[in-house]
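Chemist: Build me a model from this:
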Amino acid sequence: MGSCWKRVRRLSVLSSSTKIAPPHTPTVTALASSLGGSTRSSSSLSSEDEEAKQLGSKRGKNAVKLLPSYLTDARSVEQYHPEDCPHGALQLSVAENQMLEDLLVPALSIPPKDGFTSDLIYYQQTQGRPQIRSVMSQFLHRTLKLPTPPNPDGLTLAPNPKRHVPIFAPTLKLPTPPNPDGLTLGAGCNAVLENLCFCLADAGDGVLIPTPYYAAFEFDLGSRAGLNIIPVEPPATTKFSPDDAGWYYPTSEALETAYQNNPNVKILLLSHPNNPLGVCYPKHVLEDILDWAESREVHIVSDEIYGGSVYGEKGEAFTSFLTVASGRHAHGGDNMGIGPYVHLVYALSKDFCLSGLRVGVSYSENEEIALPLSKVNDLCQISSQTQLLVEDILSRPSAGGLSNADADADEATRFWYDEFLNESRQRLSDRSGRLQDCLSRLGVPFLKPDSGMFLWMDLSHYLPSADDGSNDKVERRLYLELVKKYGLLLTPGSSMKMSKEGFFRFVYTAASDDEFDLALQRIETFVTEKGQQK
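Modeler: Below you'll find the predicted structure:
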């Protein structure tokens, strides 16, 4: 029976302070207790219980409340095992990529070429060792396709009347790779994001996030930093279509409405490529966002954790926000010229499938937050041993044995990670294509993805009637039916502040090949049976 209890990795850890349901729990009946509640009435509480209630802080208990309910659902159901639990639910709600273990485990088993030296046993720079920040800068430059300095002899600069800041100035620097001094490495993307926003805004200040958005952003930024998450809804006048990505793009009108209706907005947080939509924002959308943010002096934090997992149109769909902002401001030193209001967060959890290593990085050219950011990062540093491993794998030459200094090296596959990410993108594309083909054949609407490891689909046609006396919202009832009857554990759109009911995120990488095949079969069974009931 123990093998039925497959842990939900990243987000289950977030809720480790809650009471974990026992392995044999068959359904979601333990939700109350898993959130720290009790199945007993208040009148039956003993004096010992009353004393225990005072042993924890209110802020700790309130932090747990920020976690989306689907996490406790995921921890309360029997999960699939081919032998011990063949009717269990397939875990398709946690954004992990289980398709690349055959490449990762051998690569990570190779010892770093320089070995473990004596300096690694002592305190390190809180923002990361200089060596890893240098190779991380190079990696981000290549993977996010950041601008390379052009040849000044062939460059003609001209004003752009659409921009609040001209793209030319007598002292303007040409684009350069990220300055290693602006990089801060910490224990995961959520850690560096929280630290960055902690240094940009005060408790109670607002953070705009276009909907739908990654559900755990509310926990990451609200539990300790005390920031107020403000969903940015598409304009009501925009015509909706489930397969139209443009409906989801944040416009200056939508941003301005949210800004005017909420005091003390300090940050706009973008997920780009977008989680849960699985699409990239076009460059013109990013330019309009930057124009609006500059006019309001609002910080932009671009979460580009899926930037290396763009498989649509050969990666041409993705433009990093650093590229859009690069060169708008004159900066001395080795900076990119993105100015003090644009920032980046990234991690190895998605593109590299290394969520267990806990390696995140932020980039900022805001000198005012440099010292505070390095000090708060003291609470979530990466171990020197992990830094050494990452430094080695990000500087390892390609399988062809090409040296980093080899001027004749093929730039497309110069490093090991180039080849790895190429293979990863191919596998993402193949699986995504199979899921799209299945849904198209079944007549299920979805948003065509070009990046990430998930697909956003519309199951609103199968929502139950709202007038049958049930107190549960109709989307939640459909969600629980998918889990308990059809064994499909998806991410409900309501947890991601989707304004329309019946939308779900399908993480197609969170399963083995056999499990993915079974998921497609279960989706077909669901659609077929629901169609017969209509």
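
Chemist: now the chain, which segments are flagged as low pLDDT?
Modeler: Residues of the chain meeting the criterion pLDDT under 70: 1-53, 148-177, 314-316, 327, 329-334, 400-413, 467-472, 534.

Chemist: and after the longest helix seen in it, which helix or strand comes next?
Modeler: Longest among the helix segments of the chain by residue count, using DSSP state H, is helix 416-442. Note on helix 416-442: by DSSP states H and E, the next helix or strand toward the C-terminus is strand 446-447.

Chemist: how far does that following strand sit from the chain's center?
Modeler: 19 Å (CA atoms, centre = their mean, to the nearest Å).

Chemist: strand partners of the next helix or strand after it, parallel vs antiparallel please.
Modeler: For strand 446-447, the following helix or strand on the C-terminal side (DSSP H and E) is strand 454-458. Sheet pairing of strand 454-458 (DSSP bridges) gives strand 446-447 (antiparallel), strand 503-507 (antiparallel).

Chemist: Could I get the full set of helices for the stretch 351-500 of the chain?
Modeler: Assigned by DSSP state H, counting those that start in this stretch, the stretch 351-500 of the chain shows helices spanning 370-376, 384-395, 416-442, 474-484.

Chemist: export stretch 134-143 as CSV, just CAs?
Modeler: What follows is stretch 134-143 as a C-alpha-only set of coordinates in CSV (Å, rounded to 0.1, in the frame of the first residue of the first chain):
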residue,chain,number,x,y,z
SER,A,134,30.2,33.9,-14.1
VAL,A,135,29.1,30.6,-15.7
MET,A,136,25.5,31.4,-14.9
SER,A,137,25.7,34.7,-16.7
GLN,A,138,27.0,32.9,-19.8
PHE,A,139,24.3,30.3,-19.5
LEU,A,140,21.5,32.9,-19.2
HIS,A,141,23.0,34.8,-22.2
ARG,A,142,22.8,31.7,-24.4
THR,A,143,19.7,30.1,-23.1
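
Chemist: List of residues touching it?
Modeler: Stretch 134-143 is contacted by residues 128, 146, 148, 177-180, 183, 185, 307-308, 344, 346, 351, 361, 363, 390-391, 394-395, 414-415, 417-418, 421 when judged by CB atoms under 8 Å, 6 or more residues apart in numbering. (C-beta placed from N, C-alpha, C; glycine too.)

Chemist: if we can go back for a sec, please name every helix or strand in contact with the longest helix of the chain.
Modeler: helix 101-108, helix 130-143, helix 384-395, strand 454-458, helix 513-533 (3 or more CB pairs under 8 Å, 6 or more residues apart in numbering; DSSP states H and E).

Chemist: Need the residues that contact the third one.
Modeler: Helix 384-395 is touched from outside by 107-108, 110, 112-114, 116, 120-121, 124, 128-129, 131-132, 135-136, 138-139, 185, 348, 357-359, 382, 404, 415-417, with contacts defined as CB under 8 Å, 6+ apart.

Chemist: Pull out the buried residues from it.
Modeler: Neighbour-count burial for helix 384-395 flags 384, 386-395 (criterion: 16 or more other CB atoms under 10 Å).

Chemist: again with the first one
Modeler: Buried residues in helix 101-108, counted by 16+ other CB under 10 Å: 103-104, 107.

Chemist: about what we covered before: out of the helices of the stretch 351-500 of the chain, which is closest to His81?
Modeler: Comparing the helices of the stretch 351-500 of the chain by their distance to His81 (CB to CB), the top pick is helix 474-484, with 16.0 Å.

Chemist: Does anything pack onto the closest one? Which helices or strands?
Modeler: Under the contact criterion of 3+ CB pairs under 8 Å, 6+ apart, helix 474-484 touches helix 69-74, strand 488-489, strand 491-492.

Chemist: and if we set it to 7 Å?
Modeler: Contacts defined by 3 or more CB pairs under 7 Å, 6 or more residues apart in numbering; DSSP states H and E place helix 474-484 against strand 491-492.

Chemist: what pairs with the strand it packs on, and is each one parallel or antiparallel?
Modeler: Partners of strand 491-492 in its sheet, by DSSP bridges: strand 503-507 (antiparallel).

Chemist: Give me the contact list for the strand it pairs with.
Modeler: Contact partners of strand 503-507, identified using CB atoms under 7 Å, 6 or more residues apart in numbering, comprise 92-95, 276, 435, 453-460, 490-493.

Chemist: angle of it against helix 513-533?
Modeler: Our comparison of strand 503-507 with helix 513-533, counting by axes from the mean of the first three to the mean of the last three CA atoms, to 10 degrees, yields an angle of 160 degrees.

Chemist: Output strand 503-507 as CSV - backbone C-alpha positions only.
Modeler: Output in CSV follows, covering the C-alpha atoms of strand 503-507 (Å, rounded to 0.1, in the frame of the first residue of the first chain):
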residue,chain,number,x,y,z
PHE,A,503,-10.5,25.4,-17.3
PHE,A,504,-7.7,23.0,-16.2
ARG,A,505,-3.9,22.8,-16.5
PHE,A,506,-2.6,19.4,-17.7
VAL,A,507,1.1,18.8,-16.8
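
Chemist: Relative to the whole chain's centre, how far out is stretch 268-283?
Modeler: Put simply, stretch 268-283 sits 9 Å off its chain's centre (CA atoms, centre = their mean).

Chemist: What are the buried residues along that stretch?
Modeler: In stretch 268-283, counting by 16+ other CB under 10 Å, buried: 268-281.

Chemist: still on that earlier bit, select, out of the helices and strands packed on helix 416-442, the one closest to Pro250.
Modeler: Shortest separation from Pro250 across those is recorded for strand 454-458, at 16.0 Å, computed as CB to CB.

Chemist: ok and the closest one relative to helix 416-442, angle-wise?
Modeler: 20 degrees.

Chemist: which residues in this protein form strands?
Modeler: Along the chain, the stretches classed as strands by DSSP state E are 90-91, 183-186, 206-210, 228-232, 265-271, 299-303, 342-347, 360-364, 446-447, 454-458, 488-489, 491-492, 503-507.

Chemist: residue contacts, Val483?
Modeler: 73, 77, 89, 489.

Chemist: what about 6 Å?
Modeler: Val483 is in contact with 77, 89, 489, counting by CB atoms under 6 Å, 6 or more residues apart in numbering.

Chemist: related to what we said a few turns ago, would you turn the buried residues of helix 384-395 into TSV with distance to Ile338?
Modeler: Below are the buried residues of helix 384-395 laid out as TSV (distance: CB to CB, whole Å):
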residue	distance to Ile338
Ser384	30
Thr386	28
Gln387	25
Leu388	30
Leu389	30
Val390	24
Glu391	25
Asp392	29
Ile393	27
Leu394	22
Ser395	25
